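sequence first, predicted coordinates after that:
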Number of protein chains: 2
Amino acid sequence: MLIGNAVVGQSGGPTAAINATLAGVIRGALERPDAIKTLYGMRNGIEGLLREDLVDLNSIFGADESKITTLEHTPAAALGSCRKKLPTVADNGEFYENLINIFKKYDIRYFFYIGGNDSMDTVAKLSEYSKSCGYELRVMGVPKTIDNDLVVTDHTPGFGSAAKFIATVMQEIIRDCAVYTVPAVTIVEIMGRDAGWLTAASAIGQLYGKDAPDYVYLPEVNFDNEKFLADVKKAFERHPNVVIAVSEGIRYADGTYVGASAQSGAVDIFGHAYLAGTAKSLERLVKEKFGCKVRSVELNLPQRCGAHIASKTDIDESVMVGRAAVNVAAEGVTCQMMTYKRNEGDEYSVTVEHYDVSKIANQVKLVPREFINAEENGVTDECCKYIQPLTVGESYPEYKNGMPEFLII
Amino acid sequence: MLIGNAVVGQSGGPTAAINATLAGVIRGALERPDAIKTLYGMRNGIEGLLREDLVDLNSIFGADESKITTLEHTPAAALGSCRKKLPTVADNGEFYENLINIFKKYDIRYFFYIGGNDSMDTVAKLSEYSKSCGYELRVMGVPKTIDNDLVVTDHTPGFGSAAKFIATVMQEIIRDCAVYTVPAVTIVEIMGRDAGWLTAASAIGQLYGKDAPDYVYLPEVNFDNEKFLADVKKAFERHPNVVIAVSEGIRYADGTYVGASAQSGAVDIFGHAYLAGTAKSLERLVKEKFGCKVRSVELNLPQRCGAHIASKTDIDESVMVGRAAVNVAAEGVTCQMMTYKRNEGDEYSVTVEHYDVSKIANQVKLVPREFINAEENGVTDECCKYIQPLTVGESYPEYKNGMPEFLII
């Protein structure tokens, strides 16, 4: 049994579940005193580790179960985050020597990094170096991203909660848009620069005869203005209130982002192209073509930090996967990313596994073509059936004085 | 006792509570068979009444308590809405004769209209005409607006739920913005063209040492770019993550809307001024001045239809006021708008009353100067103490398959 201290960090964009995973790592460490003496938290990920900005998580959470529970319902990243791509060993060996010296100084033998693609690259590089330099360090990656774009794992912690926010708010927006009889188009812009998983989540109502957008446009397929306007025309033949979901990342065949709003030709005082945003650009396009009422709604930050309507499935799994990372590391596993395997059968369930992180980092899992409809303006029921179970259950934070209780470390 | 049928309609913009008020009217009507035989719902407000597009609410809800409960948690306007300003009797007497003929045809003796300022104007005009023409009709207005800008009543149904969404999401956004160490400004745009009540709601965290925006700018005070940029500079001296709440309706001293983005100078291909939105315009202003990361977040539609995080206080009161409207009308009251009176004492409670609707219509209640701080970039604790009780309690919809259950009539 490798006995020593451990350090955990959070990296990349905030989610509603990344603190649940941190809580899982904390729970796991407290349950494994045979392997881990003290669990340190690095502030702002690897950057905090480099400046030795560490907090003793045992002393903060050790005796306080309610604090851990509050952390599980707190959005964003309680330890802070960073966006740092590590150099290669060849480019900057000194960088890694510094890290190893810090590990030695604090007797750190376990390294847990919660994050997305870039974070897994960090884990892979650190794994490689620690092996090469002979310092025994267990390095584990725990996935986190609302984008759901990591390979190997069935899905990523954080995705289910963002998907639930989007699916729920889409139900509300469609109710809102249905009250007037005058023709109107509402365009809802959803996060996802390259992968359309979150935008696809807006459509899961179609599985149950509930409200769903008239059209869903993903970055996986080329966007075409004329085809889009023809779609809107068709929708008007069905009803006056047209609701459309678009990914922020949709692009034209030539690769330019729709959000660059080239077609609006808007320029600022310096003559720079005016970046209107994807929905805003389409709003102008529809207004010019149909002259009807058009509204664009950017779900923006609330969709990634919506702890107040987090998915219970997602939060519970996020705690589980963090805890499991500690246990397998204690048992000798290293250089791996934790993964979910969806079990066979009609009843949804997952098994937590792990996989060589070097084979996961720097790859992107897009929405497969078979999940997109023939007209390329919607998603299939199969796609919805994949997403929907991840949104089941409500993990509500506690409220005091009308506002949610969040934990600030 | 005046015995006959009743008709209820919804008008103006959607809210998370207007269906709770409709449910209250339905409950009230079912409880008063001594006065009301059948309660009809007019689709799309007065417009539906004119085309005799009526639904029998007794037969839809009479025997189904669970349907009424689902309605109470459904956002927007289940009967549909309209934005119609009624003509004066002098301008178009025939319009009113038509209405009276429809009332006679359906033996309608009770008229309940749930809406905001324009809707109360409708109620006032109809009250006046019915009196003058000698057709006995009890005409009652039930307030509804997220803007909280109706006079006489302490607050309006729908405001508390929108305020709770805004206060909750603001807690989440500030957590989200706190994860990085790089200087960044996040500008959150909140609804309220003339009255800043909703924007003020973003600050109630300040009462309890919780997160609150660094600054709050309301339409009640003139906006000044230089003063604003000086405020941002001061905030950067305190911390790198600056969060600002602005009302969509803030204007410069000359009356032009900040959202008209005159200062961005953006024009489209036709040379028209590019309406960027208030936060978007300020985003460009801050970017040009500080060159830092700046983000604008428009809360947009989700803030007015956020049934998934509605205020229990608001929903319960909204049902109560709808039910009370039926009861007082049955007892002989007419030509009135229902109002809330906040009772004295530390413990929050309200009494439902009513007031001459002709003295309420076409007036606007703004945030009083004493609720705004001396620097005019925030609100006072007194302001927060007025708003906070209206956000207390969570009125959650039922969820099936991960999505909220809403009622569609």
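Perfect, thanks for sending it.

what are the structural domain limits within chain A?
Split into domains by automatic domain parsing, chain A comes to A:4-157+A:308-363+A:393-404, A:160-305.

which bits of the stretch 1-150 of chain A sit near chain B?
With C-beta under 8 Å from any C-beta of the partner chain as the criterion, the stretch 1-150 of chain A meets chain B at residues A:10, A:14, A:44, A:47, A:74-77, A:80-83. Just so you know, the C-beta spots here come from the backbone N, C-alpha and C atoms, and that holds for glycine as well.

those residues in strands, which ones?
Within the residues of the stretch 1-150 of chain A next to chain B, membership in strands is found for residue A:10, as judged by DSSP state E.

which of the residues of the stretch 1-150 of chain A next to chain B are buried?
A:10, A:14, A:44, A:47, A:74-77, A:80-82 (16 or more other C-beta atoms under 10 Å in any protein chain shown).

switch these over to JSON lines; also include pLDDT.
Shown next, in JSON lines, are those (pLDDT from 0 to 100):
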{"residue": "A:10", "pLDDT": "98"}
{"residue": "A:14", "pLDDT": "96"}
{"residue": "A:44", "pLDDT": "97"}
{"residue": "A:47", "pLDDT": "96"}
{"residue": "A:74", "pLDDT": "98"}
{"residue": "A:75", "pLDDT": "98"}
{"residue": "A:76", "pLDDT": "97"}
{"residue": "A:77", "pLDDT": "97"}
{"residue": "A:80", "pLDDT": "98"}
{"residue": "A:81", "pLDDT": "97"}
{"residue": "A:82", "pLDDT": "94"}
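
give me the subset of the residues you listed that lies in helices.
In this view, those that belong to helices under DSSP state H are residue A:47.

low-confidence stretches in the stretch 51-200 of chain A?
In the predicted model, the stretch 51-200 of chain A carries no residue with pLDDT under 70.

for it, which segments count as helices?
Using DSSP state H, counting those that start in this stretch, the helices of the stretch 51-200 of chain A run over residues A:57-61, A:65-72, A:93-105, A:117-133, A:159-177, A:197-201.

repeat for the stretch 201-350 of chain A
A:225-238, A:278-290, A:312-330.

now do the second one against helix B:278-290, angle only.
Taking axes from the mean of the first three to the mean of the last three C-alpha atoms, to 10 degrees, one finds that helix A:278-290 is oriented at 130 degrees with respect to helix B:278-290.

now swap in the longest one and tell me
Helix A:312-330 and helix B:278-290 meet at an angle of 40 degrees, taking the same axes, to 10 degrees as the criterion.

quick one, helix A:312-330 and helix A:159-177 angle?
Going by the same axes, to 10 degrees, helix A:312-330 makes 170 degrees with helix A:159-177.

the inter-axis angle of helix A:312-330 versus helix A:65-72?
Calculated by the same axes, to 10 degrees, helix A:312-330 forms an angle of 110 degrees with helix A:65-72.

residues of helix A:312-330 that come out buried?
A:312-326, A:328-330.

by contact count, what packs against it?
Applying 3 or more C-beta pairs under 8 Å, 6 or more residues apart in numbering or on different chains; DSSP states H and E, one finds that helix A:312-330 contacts helix A:18-31, strand A:108-115, strand A:138-143, helix A:159-177, strand A:336-342, strand A:350-356, strand A:394-395.

with the first one instead?
Packed against helix A:225-238, as judged by 3+ C-beta pairs under 8 Å, 6+ apart, are the following elements: strand A:215-217, strand A:241-247, helix A:278-290.

ok, which of the ones you listed comes nearest residue A:61?
strand A:241-247 (37.6 Å; C-beta to C-beta).

residues touching the closest one, excluding its own?
A:170, A:173-174, A:177-178, A:180, A:183-192, A:196, A:198-199, A:202-203, A:213-219, A:232, A:235-236, A:258, A:278-279, A:282 (C-beta atoms under 8 Å, 6 or more residues apart in numbering or on different chains).

hmm, back to that, now the buried ones among the residues of the stretch 1-150 of chain A next to chain B in CSV, with distance to residue A:53?
Formatted as CSV, these follow (distance: C-beta to C-beta, whole Å):
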residue, distance to residue A:53
A:10, 13
A:14, 19
A:44, 7
A:47, 8
A:74, 20
A:75, 22
A:76, 18
A:77, 14
A:80, 9
A:81, 13
A:82, 11
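
what is the nearest of the buried ones among the residues of the stretch 1-150 of chain A next to chain B to residue B:155?
residue A:75 (28.7 Å).

low-scoring stretches of the stretch 251-400 of chain A, by residue?
For the stretch 251-400 of chain A, the stretches flagged by pLDDT under 70 are A:261-276.

re the thing from before, of all the helices and strands packed on helix A:312-330, which lies closest to residue B:59?
Of all those, it is helix A:159-177 that lies closest to residue B:59, at 22.7 Å by C-beta to C-beta.
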